[in-house]
Structure formats: C-alpha cells, structure tokens
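Asker: I need the structure of the sequence given here:
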Amino acid sequence: IMRLNGNPQHSHLFADRGNYIGTWQRIDLPLFIDAEYIMFVDSDTIISNTFDMYDFGLDVTPGLAASAEADEDFIVPWNVGVVLFNIPKLRETHEVFMEFINSHTDNPRFAHGNISDQGAYLEFYADVVQFLDTIFNVKPYWEKKQTFENRKIVHFHGLKPHDFLKIFMGYPVESWAKAFRTIVKKKKTMLFVCAVMHDFSKFVSKDEENLRDYCEYAFGKEGENKVDICIKFFLNLGAEEGGNKKCTKHLDASFLGVTA
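Answerer: Got it, this is the predicted structure:
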C-alpha cells in the first residue's frame with residue numbers, strides 16, 4: 001500500500017515493487033546478527049579502501065549513523081544505503097519499531113518527506129541518529145576532491161555504472177527517468193566519476209562471465225555491439241593501474257558524449 005501511494009517522480013523506488021520491498025529487508029537485521037555494530041551497505045556499493053572501528057572515532061552512534069544523500073554539502077543524516085547500526089539498540093527497540101512501521105502503511109512518506117525504510121529509520125530513531133562521514137558513502141557525481149581521495153565506500157546511488165557509461169556514450173537525458181535527469185545534466189562537472197568507475201571495473205573485470213551478464217542486462221536490448229562495447233570498456237578500465245583515470249579513452253570516438 002505504501003508503494004502504490006507513492007510518486008515515481010519523487011523516487012524511482014515507487015516504480016518497481018521488487019526494489020521497494022527490497023529496501024525493507026534490512027529491518028530484521030538485529031534478529032539475526034550477533035555483534036555490537038555492523039556496517040550495512042547496499043548492493044550498489046564498492047568498498048574502495050579498508051577501514052575499521054577506529055575510523056569512526058570515539059563517539060560511535062548509540063543508534064545508527066547515516067550520511068548525506070545527493071547533495072554532499074547537506075551535512076544531515078539521510079541516506080541509509082550505507083549505515084552504521086548499533087545492533088543492541090535496534091534489537092531492544094525492534095518490536096516497537098515494527099509497530100511504528102505498521103501504523104504508517106497508508107502514507108509512503110515519513111518525516112521531512114523521506115520514504116521507505118530510510119524514512120522509517122530516520123524518524124523513529126531521530127534521537128539516536130548521528131552523521132556518518134561522507135567518505136563512507138561517496139556518490140560518483142560529487143565534486144569535492146578530498147572526499148574522493150579519502151573514500152572508503154562508493155555508492156552508485158540512483159545512477160549505476162552502466163548509466164555513467166551511457167552518459168559517456170552521449171545518450172540523451174531523456175533516456176533516464178525524471179528522478180535522475182538533474183544528475184545526468186551535471187555530466188560536465190563529474191570530475192571524479194572515472195576514479196569510482198575504476199573502483200567498480202577492478203572488481204567486475206575479474207569475473208568475465210559476470211561482466212557479460214551485467215552488460216547484457218544493461219545493453220542487451222540494443223544489440224550485441226553495445227554489449228561488446230560495455231564489456232571492453234570495463235575490462236580495459238579495470239586493467240589500468242594508478243589513480244588518474246580517463247574513462248573515455250576506452251570508447252570509440254563516435255560514442256563520446258562527455259570528456260572524463
């Protein structure tokens with residue numbers, strides 16, 4: 001009921017039943033995890049550099065810690081695609097949290113217009129939410145050099161690696177859902193997107209069968225040629241060493257829509 005009452009132009013999650021329901025699966029984590037803290041990450045993330053509890057400092061969250069969403073300057077806990085959970089606190093309050101969610105089924109939006117389990121977490125646990133440093137939830141379209149240089153986790157929030165490849169290939173902005181078009185229009189200022197695309201390529205290129213499946217998912221309806229371009233791009237980018245990456249050199253000039 002929550003999803004059906006939502007507006008897909010506000011969030012792409014409302015457009016797909018599976019994606020929307022999938023976001024709620026983390027709410028039962030405290031029933032199955034025997035630990036004091038866990039770092040939960042969405043499946044569209046890449047662990048770029050190692051980290052441990054020391055990196056969170058002494059003031060570790062009493063409930064949960066989340067970072068910024070689309071705007072890296074909006075230093076407010078918001079996006080739970082990467083979130084540090086205090087498991088004992090969540091376990092202690094799980095039953096009441098579930099009652100809170102069930103009382104909200106007719107309204108897909110929580111406090112401050114937030115949605116889904118993210119909105120539920122941030123509203124219910126508002127008194128014990130802390131801000132998670134942006135280096136743990138870096139979005140590819142952000143622009144601060146220091147954030148990218150110190151990144152621990154990259155989050156392909158909204159736009160996935162194949163979407164950025166399509167941007168490089170010059171796909172028109174109308175190719176994306178309305179919720180994504182503002183980000184796509186920022187393509188000229190995506191200064192560090194190739195660095196995080198390299199993070200992704202290093203991992204996906206190690207399993208060519210999985211890479212082919214991914215490229216067929218992303219480009220299969222457009223023909224084998226586009227699939228091969230996708231495979232070649234990620235293989236070649238993943239084979240590079242060093243920190244400075246020029247993504248578009250791995251594409252035929254006829255496909256270039258942006259220099260990166």
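Asker: in space, what's closest to N114 - neighbours in sequence excluded?
Answerer: Distance criterion CB to CB, 6 or more residues apart in numbering; nearest residue to N114, sequence neighbours excluded, is L122 at 5.7 Å. C-betas here are computed from N, CA, C, even on glycine.
Asker: give me the pLDDT for the one you found.
Answerer: Here, the pLDDT recorded for L122 equals 95.
Asker: those strands in the stretch 51-200 of the chain, which residues are they?
Answerer: 64-67, 79-86, 129-131, 153-155 (DSSP state E, counting those that start in this stretch).
Asker: by contact count, what packs against the longest one?
Answerer: Spelled out, it's strand 79-86. strand 37-41, strand 64-67, helix 116-124, strand 153-155 (3 or more CB pairs under 8 Å, 6 or more residues apart in numbering; DSSP states H and E).
Asker: so what's the residue count around the closest residue to F156 other than its chain neighbours?
Answerer: Leaving out its chain neighbours, the residue that sits closest to F156 by CB to CB, 6+ apart is D44, at 4.4 Å. By the measure other CB atoms under 10 Å, the count of residues near D44 is 15.
Asker: try E92
Answerer: Other residues lying near E92 total 12 when counted by other CB under 10 Å.
Asker: mind listing the helices for the stretch 1-150 of the chain?
Answerer: Per DSSP state H, counting those that start in this stretch, the stretch 1-150 of the chain carries helices over the ranges 17-23, 87-102, 116-124, 145-149.
Asker: before we move on, what about the stretch 151-260 of the chain?
Answerer: Assigned by DSSP H, counting those that start in this stretch, the helices in the stretch 151-260 of the chain fall at 161-168, 178-184, 193-204, 208-219, 224-238.
Asker: out of those, which comes closest to F110?
Answerer: Nearest of those to F110, taken as CB to CB: helix 178-184 at 18.1 Å.
Asker: what residues sit buried inside the closest one?
Answerer: Along helix 178-184, these residues count as buried under the neighbour rule (16 or more other CB atoms under 10 Å): A179, I183, V184.
Asker: my guess is the first one contacts S11. True?
Answerer: Yes. Contact status for A179 versus S11: in contact at 6.3 Å, counting by CB atoms under 8 Å.
Asker: the residue nearest to F156 and R212, how far apart?
Answerer: Between D44 and R212 the distance, using CB to CB, to the nearest Å, works out to 19 Å.
Asker: measure how buried N102 is and give me the count.
Answerer: 8.
Asker: could you measure from G57 over to Y37?
Answerer: The spacing between G57 and Y37, counted by CB to CB, is 13 Å.
Asker: more neighbours: the two, which one.
Answerer: Neighbours were tallied for G57 and for Y37 using other CB under 10 Å; the higher tally belongs to Y37 (17 against 8).
Asker: show me the contacts for that one.
Answerer: Y37 makes contacts with M53, V60, L84, F85, N86, I87, as judged by CB atoms under 8 Å, 6 or more residues apart in numbering.
Asker: which of those tops the neighbour count?
Answerer: Ranked by neighbour count (other CB under 10 Å), the contacts of Y37 have F85 at the top, with 26 neighbours.
Asker: surely that residue meets A66?
Answerer: No. If you go by CB under 8 Å, F85 and A66 don't touch, sitting 9.9 Å apart.
Asker: right, I'll call it a day here.
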